[in-house]
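*Asks:* the following comprises the amino acid sequence and a computationally predicted model.
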Amino acid sequence: MKVEVKHWHAVAQWRWDTGVSSDDTNKGDDDEGDVCGICRVPYEGCCPACKVPGDDCPLIWGECSHVFHMHCLLKWIGTAASKQQCPMDRRPWGE
Amino acid sequence: MATDALRAQVAAKWQESFARLNQNEPGIVGLLNFSRAWNIARESIRPRGLNEPDPSTRYDKSTFQASFELLNKCRRLPMLLESFLEDMRREFPVIREEVERYTLEYERTSNTSFILDLVFRLLEWYKRWLPMQELGATLHSAFVLSFQTHLFSALTPTFVRGFKELCASTLPSTDPELDGPVPNVEMWQAFETIGLLDRYENIIASVGYEHIEAHVVTTCTGQWSEPMLGQLRKWMTDKVVPWMLLMYARNATTADDARAMLQNVGSRFDFHMAKTLCDLRTKEIFDIIIDFPDSSGALQDLKECLHRVDQRASLVHTLRKSNRKRLLHPGADTRLILTQYVATIKCLRLIDPPGVLLFKVADPIRRYLRYRPDTIRCIVSNLVGDDDSGDSLVDESEPIQALQQTELEDYTDPNWEPEPVDAGPDFRANKPSDVISTLVSIYDSKDLFVKELQVLLAQRLLAITDDNTEKVEKERRNIEILKIRFGEAALQVCEVMLKDMTDSKRIDGHVQSQKASVIHPTIISKIFWPMLEATGIIMPGQFRTFQEEYTKEFSAFKPDKKLRWLPHLGTVHLELHLEDRTVKVDVPPLEAAFIELFSQQDIWTMDALIAQVGSSVDRTAALKALLTWVDLGVLKEQTENTFKLLEVAETVATGAREPRGVTTSAVELPSAPSVQQQQAEQMRVYWKFIEGMLTNLGSLSIDRIQTMLKLAPGYDQTVEQLGIFMEAARHEELVVVRDGMWKLTPK
């Protein structure tokens, strides 16, 4: 017997490639994923200012390996208190 | 011995009386005259038999007059009256006998004409015995009184029954085609004369009432489309009023006179009619509501009747009772209850705009609906027009408006009106709000609806298999409408879901243009979709290849994102090329995975199959998937749990069964949690607190736990509820209890 697939309507979900969990893509129980260290919303959600996730509310990857919602981080960097540091480890922020 | 003085006194009295009777005539001529006059007078008014000659034939009228004058002069008239009444008493058994004879006859034959004959007979007696007008009013009224007293004491209950029947027979027929019987004026006059009308007024009225009741019941039962009240009033005017005129306006000379006389009794009859109609409609109210809007006429009637007759309490009572009996039981479909509830809302608003009746009736329904697990789902599926039955709870014509919050009363409103008198203390004067608002307000928050809506939308979106933008557009329209109701913010999630649909299409378009693939995924933003519980099917063979290729392309297109398949969702269109035939089917992924495995090897046991697709598939699901193929005649169950591919169709099998349509995988998503589940969910939050407490403080009594939990924001459980929860936790072996002290299970 030969099985020929004509059309497959599948369902998938997207995730940000945060580098951390790249090797355990198939780990089924890693449900919630990581959250943005600033707004505590999952990366796949959106920052408090946004309504739509994904490309409209992207992530930003720092040199220090920390990842945030871009909007969250820019807002933080914009404040004087930030001294242009990563909020997690106080190292100078750089992409 | 009498003394002289006494003797003298008696003599004087004697003389005086004699002088009065003798009228100063010489000798005893006066006395003789008096005695003659007495005899004539007595003879003239003596109650006599019907066949006896009239006294006036024997004596001249002037003779009578002279006699009576003489008696009057001698002040002997009272004596005459007394003796007359005494005579009457003595003669009366004749009449009594007749009454008995006629009523007996009636009793035997049940023919009311005997009663009628009796009445006329009595009238004859009455006329016969009636003293002449000239004899003055005193005598006349004394006679009437005495005659009636004797007569009424002679009338038996049987007569009363007959009389009632006789009266009823005079009523116009209920059949509108037939004219009523010709009014028998004489009969009514006879009734009047011998005093039956006054005596039996109640009976006559009750005859009228019964007649009205019968008419209302025959003409109005089940006739709900038109208001009947007008028709009934017309009938009253045409048929009943002429009848009433005969007795209640018998002395009327002019029309105005008659109207004035009828006013009182007429309004009583009208009231009775309204009451009867009201009772009837009250009895029918449940079915009237079912028939709404075809029954608006009946509702109109009911409204008017309720104005006239205060039966609101009984209406509420009846409706609540029939709701309890016919609606709020496990046998009734939730959809049905909702439909009836909506109809009830509409109907009772018609009857009673302030909504007091509605409030009282709706309360039990709402409470019941709150405990039905699928109420929300029903309401929501109706909202999005996802109903098989087609008839929507909501009128298309009803303007879409935002959900209304209960407002405080505006006391500066010049048109403000107080709550109706029969409103209960917890009555909330909700302004006539739209049906959806009312339905949503069954629950305390609209969040549940939004959640359910999300689940439903997810189901519907994932079920869209082919590139059907039209369907997505339809959902989008639906959501736009619902946004007006629930507010933009609440439906933000749905917005993202819809966006995922269009994005997926765009991405797929791009990926396909790079490298064509048979797989067309819907890529979702997981957080914004309801929980799609993952069963980790590992797709075998070519499916896995498709997935991997697509993932690679996707990553090339969106380098910062990764794809993660939800392989148990979706559908696959397959073509199986077997030795003798080709089978084309749409199947869920699990079925596809299994058949792919069969292309590698002809015979599999179920356990081996499950192991191949990742062990997370449960046996029921696997069996169902395999049976799908068995039904299609592609597989055959060889021995228990061992399946074999049929390269060549079994003749019997294919001949016997038509390949029936495979149910395309309807994604079953968990519906919004029921109230109990929600409570449990709430409790779970507090479990964290409890856990912390027990970790820090060792063991605690339930009261201590309760006291400390009360410090937590929003905690509103009773100690009993906490007890139940702790007991549940003990079953899950999270805590142990000893001597009423709870502590965490030692790790």
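*Replies:* Received it, and whenever you're ready, just let me know what you need.
*Asks:* looking at chain B, what residue ends up closest to chain A?
*Replies:* Across chain B, the shortest distance to chain A (CB to the nearest CB) belongs to residue B:569, at 3.7 Å. In short, each C-beta sits where N, CA and C put it, glycine included.
*Asks:* separation between the most far-flung residue of chain B relative to its centre and residue B:10?
*Replies:* Farthest-out residue of chain B from its mean C-alpha position, per CA atoms, centre = their mean: residue B:4, at 96.1 Å. Counting by CB to CB, to the nearest Å, the gap between residue B:4 and residue B:10 amounts to 11 Å.
*Asks:* related to what we said a few turns ago, so what does the residue of chain B closest to chain A have for phi and psi?
*Replies:* Here is the backbone geometry of residue B:569 (degrees, to the nearest 10): phi -100, psi 160.
*Asks:* you'd agree it is up against residue B:462?
*Replies:* Yes. Look at residue B:569 against residue B:462 with CB atoms under 8 Å: they come within range, at 6.0 Å.
*Asks:* check chain A for its longest strand and report it.
*Replies:* Ranked by residue count under DSSP state E, the longest strand found in chain A is strand A:2-16.
*Asks:* parallel or antiparallel, list what pairs with the next helix-or-strand element following it.
*Replies:* Following the chain from strand A:2-16 toward its C-terminal end, the next helix or strand by DSSP states H and E is strand A:59-61. Neighbouring strands of strand A:59-61 in its sheet, by DSSP bridges, are strand A:67-69 (antiparallel).
*Asks:* who's in contact with the following helix or strand past the strand it pairs with?
*Replies:* Along the chain past strand A:67-69, the next helix or strand (assigned with DSSP H and E) turns out to be helix A:70-78. Residues external to helix A:70-78 that are found in contact with it (CB atoms under 8 Å, 6 or more residues apart in numbering or on different chains): A:36, A:38-39, A:47-50, A:57-60, A:62, A:68, A:82, A:84, A:87, A:93.
*Asks:* which other helices and strands contact the least confident helix or strand in chain A by mean pLDDT?
*Replies:* Every helix and strand of chain A was ranked by mean pLDDT, DSSP states H and E. The lowest is strand A:2-16, at a mean of 85. Based on contacts counted as 3 or more CB pairs under 8 Å, 6 or more residues apart in numbering or on different chains; DSSP states H and E, the elements that strand A:2-16 packs against are strand B:519-524, helix B:541-557, strand B:561-577, helix B:589-600.
*Asks:* repeat that for 10 Å
*Replies:* helix B:447-463, helix B:492-514, strand B:519-524, helix B:541-557, strand B:561-577, strand B:582-587, helix B:589-600 (3 or more CB pairs under 10 Å, 6 or more residues apart in numbering or on different chains; DSSP states H and E).
*Asks:* filter the contacts of helix A:70-78 down to the buried ones, ChimeraX style.
*Replies:* The ChimeraX selection below is limited to those of the contacts of helix A:70-78 classed as buried (16 or more other CB atoms under 10 Å in any protein chain shown):
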select /A:36,38,39,47,48,50,57,58,59,60,62,68,87,93
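*Asks:* please spell out which residues along the helix or strand containing residue B:85 are buried.
*Replies:* Mapping residue B:85 onto the secondary structure by DSSP H and E places it in helix B:77-91. By 16+ other CB under 10 Å, the buried positions in helix B:77-91 come out as B:77, B:80-81, B:84-85, B:87-88, B:91.
*Asks:* which ones are touching residue B:360?
*Replies:* Residues in contact with residue B:360, defined by CB atoms under 10 Å, 6 or more residues apart in numbering or on different chains, are B:312-313, B:315-317, B:319-320, B:348, B:352, B:422-424, B:427.
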